[in-house]
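Participant: Fold the following for me, if possible:
(chains A and B, ligands or ions: 2)
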Amino acid sequence: MSAIPALAVDNLSVEFRTRSGIVKVLEHVSFSVGKGETIALVGESGSGKSVTAFAVMGILDAAGKVTSGTAMFGGSDLLKQSERDLAELRGRELSMIFQNPRTALNPIRRVGQQIADVLVRHGGATRADAPKLAIEMLKKVRIPDPERRAEAYPFEMSGGMCQRIMIAIALACRPALLIADEPTTGLDVTTQAVIMDLIGELGRDSGMATIFITHDLALAAEYCDRIVVMHAGHIVESAPSQTLFADPRHPYTAKLLAATPGETASLAELVSIPGNLPDLRREDLPACRYSGRCERLVGRCAEPLPHQTIGDRHGIACWNPL
Amino acid sequence: MLKLLLSRLATAVPSVVGVLIVTFMLTRLLPGDPAAYFAGLAASPQAIAEVRTKLGLDKSLPEQFVAYIVDLAHGNLGNSLSTGQPVAAEIVNRLPASAELTLVALFVAVAIAIPLGVLAAVKQGTWIDHLCRVVTTAGVSLPVFFTGLLLAYVFYYLLQIAPAPTGRLDVFISAPPDITGFYLVDSLLTGNAETFWSALKQLALPAISMAIFSLAPLARMTRGSMLAVLGSDFVRTARASGLSSRTVIFTYAFRNAVLPVITTLGMVFSFLLGANVLVETVFAWPGIGLYAVNALITSDYAPVQGFVLTMAVLYVVLNLIIDLLYGLVDPRVRLDA
Ligand SMILES: Nc1ncnc2c1ncn2[C@@H]1O[C@H](COP(=O)(O)OP(=O)(O)OP(=O)(O)O)[C@@H](O)[C@H]1O
Ligand SMILES: [Mg+2]
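Facilitator: Numbering: from 1, shown residues only, chains lettered A, B, ... in the order given. Ligands and ions are numbered 1, 2, ... in the order given. A predicted model of the protein is given here:
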């Protein structure tokens, strides 16, 4: 990790206004990713991984509100930028790839045009040479027969192909930070590996920082330098991948790993972690949102969560770690 | 695109055949005996029978149907019994009046409803959204003849800004030369400003009545469809790529959102074809709707038949246009064809 992180999120809290009241979806979320580093954000469904990404990108729904925190990126705080300044950064300096490539592309616009739109928007090209550059991008993400494919519509392509288009859109302007939100969910195993390799490779070439959101611990371990574990809107543990696998300290991480039998395990298949995520709408949410499911509960667990760092960059938010 | 056109044309054939049969049967089943009506009140049974033979009404239904089809093939829709004029010529003469009214109404409705719906969705929860809701609610709850009467009452009778609701032109103004049959267009083409203004003033109230009526479904559909699309994944992608809000709203969101609006447009247009009859009656508009109503009252079935047939053909053509328009916007439809 370099001295200045590409992105440093500190103390981020996000609330959603819903019909049944305010939901504190994220609380005191802090993490950082260095230049050229790849980190994984893992956690069960509903733990707030996507919301974290959306908050950083400034594309939360109208119902969502950032209530505290900073996200330092290239010397400025993304959370305090005006929408206009953010729009300048998005797609050029920070990009995002979404789950579900089929619905994430405009169904009635040729894929080449969709790539060209981004290039033109960020001054990378004029309308006249954008199509040629778009085809270059298609080559980079190894789409066969790119000239013809540029004229295709998303519905004429497979899920894996669509995801490559998404990658081409996201990386068209060589961003400094890429957030990939479950980019391989719904793709078959071979395509998964191809997509992951592609992101890794293109990222390495340009020293891009990558946040890889996933359910899949094995995949995270294989491709990421560091893993950040989320639970119910809190970050419970973060450590370099090997350290986390060898020496998990938070009870939740330990359960996750114990429930990950081997190479192919994913959180989606987990049945063995007792209990569910707490209902975030509750007024009296406990300080530690895992306490309802935890076997190592002690008296202090009701106090505000500690954030301790052991050794080199291994952070835990727990009063009674393993 | 040509393939799409041909396949859609082919599917239109059965509907046209159906329409032919229905229009034929419909007028035969209407109450009232045209022979008795035209022989006059004091006619003897022989006189009535004579008229019946002359009209071909004594033949069997299949024979009458064949005669009807043969006539149609020659562009002959029969003669009006009350005026003696050929129905086809009469309909061709009157169609531009109805078409001008309907198209202007539709144009006004679209020009208001679509921007209103888009703005209401983009600025959800603001005053413009509330305005949209009020307009759509009012629009659906006011029947078109009522709006027509109300407008005529307020703007002609009370305020006296609108001209008398009696036809396409002020009585002292002569009609423009017949080029397209649309007075607004013809008067402009011949550079006749006076006629243009008169035609526009006469057109305003009936067109607005119909526009108000068709505004509601269009605005509501635009708003709903826009909201759905704005919340979709690909709009989020577009925003995450930093595309300007203009590109996001128009190139990405609106083009997708317009698809169901096109369908609604087709529906609204066919409502308008029906609403024409009422509005033309209220404003003494010399279109085919008024013609049909007058014919219906006198059991003059040839014009009624001609009217229904014209409407049906218009409806089929309209659906064809809607399908083509849809295909133009949505590549997925083109492929299905
Ligand atoms: N628009 C919204 N309104 C209300 N609550 C929301 C909204 N979006 C997300 N949430 C809530 O935020 C929490 C976290 O959601 P998020 O989508 O970030 O989870 P996730 O970790 O990405 O899950 P998944 O793995 O299923 O994608 C959930 O409890 C969800 O209900
Ligand atoms: Mg998610």
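Participant: Every contact and neighbour count from this point should use C-alpha atoms.
Facilitator: OK.
Participant: For stretch B:17-36, buried residues please.
Facilitator: Neighbour counts over stretch B:17-36 (16 or more other C-alpha atoms under 10 Å in any protein chain shown) mark B:Val19, B:Leu20, B:Thr23, B:Phe24, B:Thr27, B:Arg28, B:Pro34, B:Ala35, B:Ala36 as buried.
Participant: Mind putting those into a markdown table with distance to ligand 1?
Facilitator: As requested, the buried residues of stretch B:17-36 are arranged in a markdown table below (distance: C-alpha to the nearest ligand atom, whole Å):
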| residue | distance to ligand 1 |
| --- | --- |
| B:Val19 | 50 |
| B:Leu20 | 54 |
| B:Thr23 | 54 |
| B:Phe24 | 58 |
| B:Thr27 | 58 |
| B:Arg28 | 61 |
| B:Pro34 | 67 |
| B:Ala35 | 71 |
| B:Ala36 | 72 |
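Participant: Contacts for the helix or strand in which A:Ala254 is found next, please.
Facilitator: Using DSSP states H and E, A:Ala254 falls within helix A:251-258. When contacts are defined by C-alpha atoms under 8 Å, 6 or more residues apart in numbering or on different chains, helix A:251-258 is touched by residues A:229, A:236-237, A:245, A:248, A:267, A:273, A:290, A:294-296, A:321-322.
Participant: in chain B, which ranges drop under the pLDDT threshold?
Facilitator: Applying pLDDT under 70 to chain B flags the ranges B:1, B:30-32, B:34, B:334-337.
Participant: residue contacts, the one residue sitting closest to the centre of it?
Facilitator: By C-alpha atoms, centre = their mean, the mean C-alpha position of chain B lies nearest to B:Leu273, the distance being 2.8 Å. Listed by C-alpha under 8 Å, 6+ apart, the contact partners of B:Leu273 are B:Thr102, B:Met311.
Participant: gap between it and chain A?
Facilitator: The gap separating B:Leu273 from chain A is 32 Å, by C-alpha to the nearest C-alpha, to the nearest Å.
Participant: What residues sit buried inside the helix or strand containing that residue?
Facilitator: Using DSSP H and E, the element containing B:Leu273 is helix B:255-282. The neighbour-count check on helix B:255-282 (16+ other C-alpha under 10 Å) flags B:255-270, B:272-273, B:275-282 as buried.
Participant: quick one on the thing from earlier: distance between the helix holding A:Ala254 and the chain's centre?
Facilitator: Averaging C-alpha positions (C-alpha atoms, centre = their mean, to the nearest Å) puts helix A:251-258 20 Å from its chain's average.
Participant: and after that helix, which helix or strand comes next?
Facilitator: Following helix A:251-258 in sequence, per DSSP H and E, is strand A:308-310.
Participant: which helices and strands sit right next to that next one?
Facilitator: Under the contact definition 3 or more C-alpha pairs under 8 Å, 6 or more residues apart in numbering or on different chains; DSSP states H and E, strand A:308-310 sits against strand A:314-316.
Participant: Sheet partners, orientation included, of the strand it packs on?
Facilitator: strand A:234-240 (antiparallel), strand A:308-310 (antiparallel) (DSSP bridges).
Participant: which other residues reach the last one?
Facilitator: Strand A:308-310 is contacted by residues A:Gly315, A:Ile316, A:Ala317 when judged by C-alpha under 8 Å, 6+ apart.
Participant: In terms of helices and strands, where is B:Pro217?
Facilitator: Per DSSP H and E: helix B:193-230 holds B:Pro217.
Participant: hang on, I meant A:Arg204
Facilitator: Assigned by DSSP H and E, A:Arg204 falls in helix A:189-206.
Participant: which of the residues in the helix or strand just after that helix are buried?
Facilitator: Helices and strands here follow DSSP H and E; after helix A:189-206, the next one along the chain is strand A:209-214. Neighbour-count burial for strand A:209-214, counted by 16+ other C-alpha under 10 Å, picks out A:Ala209, A:Thr210, A:Ile211, A:Phe212, A:Ile213, A:Thr214.
Participant: Over to stretch B:239-246?
Facilitator: Of the residues in stretch B:239-246, B:Arg239, B:Ala240, B:Ser241, B:Gly242, B:Leu243, B:Ser244 count as buried by neighbour count, 16+ other C-alpha under 10 Å.
Participant: and those residues near chain A, which?
Facilitator: B:Arg239, B:Ala240, B:Ser241, B:Gly242, B:Leu243, B:Ser244 (C-alpha under 8 Å from any C-alpha of the partner chain).
Participant: Can you pick out the most distant pair from these?
Facilitator: Within these, B:Ala240 and B:Ser244 form the most distant pair, 10.4 Å apart (C-alpha to C-alpha).
Participant: Give me the pLDDT value at A:Asn2.
Facilitator: Asn isn't right for residue A:2; it's Ser. Here, the pLDDT recorded for A:Ser2 equals 47.
Participant: For chain A, which residues are neighbours of ligand 1?
Facilitator: Counting by C-alpha under 6 Å from any ligand atom, chain A comes close to ligand 1 at A:Phe16, A:Thr18, A:Val25, A:Glu44, A:Ser45, A:Gly46, A:Ser47, A:Gly48, A:Lys49, A:Ser50, A:Val51, A:Asp61.
Participant: should've said chain B
Facilitator: Counting by C-alpha under 6 Å from any ligand atom, no residue of chain B sits close to ligand 1.
Participant: which stretches of chain B form strands?
Facilitator: With strands called from DSSP state E, chain B shows none.
Participant: And the residue of it closest to ligand 1?
Facilitator: The minimum distance from chain B to ligand 1, using C-alpha to the nearest ligand atom, falls at B:Gly231 (10.0 Å).
Participant: So what's the residue count around that residue?
Facilitator: 12 (other C-alpha atoms under 10 Å in any protein chain shown).
Participant: now do B:Lys59
Facilitator: Around B:Lys59 there are 12 residues (other C-alpha under 10 Å).
Participant: And A:Leu322, by the same measure?
Facilitator: Around A:Leu322 there are 11 other residues, counting by other C-alpha under 10 Å.
Participant: Let me see the contact set for the closest residue to it other than its chain neighbours.
Facilitator: Nearest residue to A:Leu322 in three dimensions, chain neighbours excluded: A:Arg249, at 4.7 Å (C-alpha to C-alpha, 6 or more residues apart in numbering or on different chains). With contact set as C-alpha under 8 Å, 6+ apart, A:Arg249 has these partners: A:Glu237, A:Ile316, A:Pro321, A:Leu322.
Participant: same deal with A:Ala220?
Facilitator: A:Ala40, A:Val42, A:Phe212, A:Thr214, A:Ile227, A:Ser241.
Participant: Specify the beta-bridge partners of the fifth one.
Facilitator: Read that as A:Ile227. Counting by DSSP bridges, A:Ile227 is bridged to A:Ala40, A:Ala239.
Participant: Distance check, it against A:Pro240.
Facilitator: Distance, A:Ile227 to A:Pro240, using C-alpha to C-alpha, to the nearest Å: 6 Å.
Participant: If you count surrounding residues, which of these two has more?
Facilitator: A:Ile227 (27 against 19).
Participant: show me what contacts that one?
Facilitator: A:Ile227 touches A:Ile39, A:Ala40, A:Leu41, A:Val42, A:Ala220, A:Ala221, A:Ser238, A:Ala239, A:Pro240, A:Ser241, A:Leu244, counting by C-alpha under 8 Å, 6+ apart.
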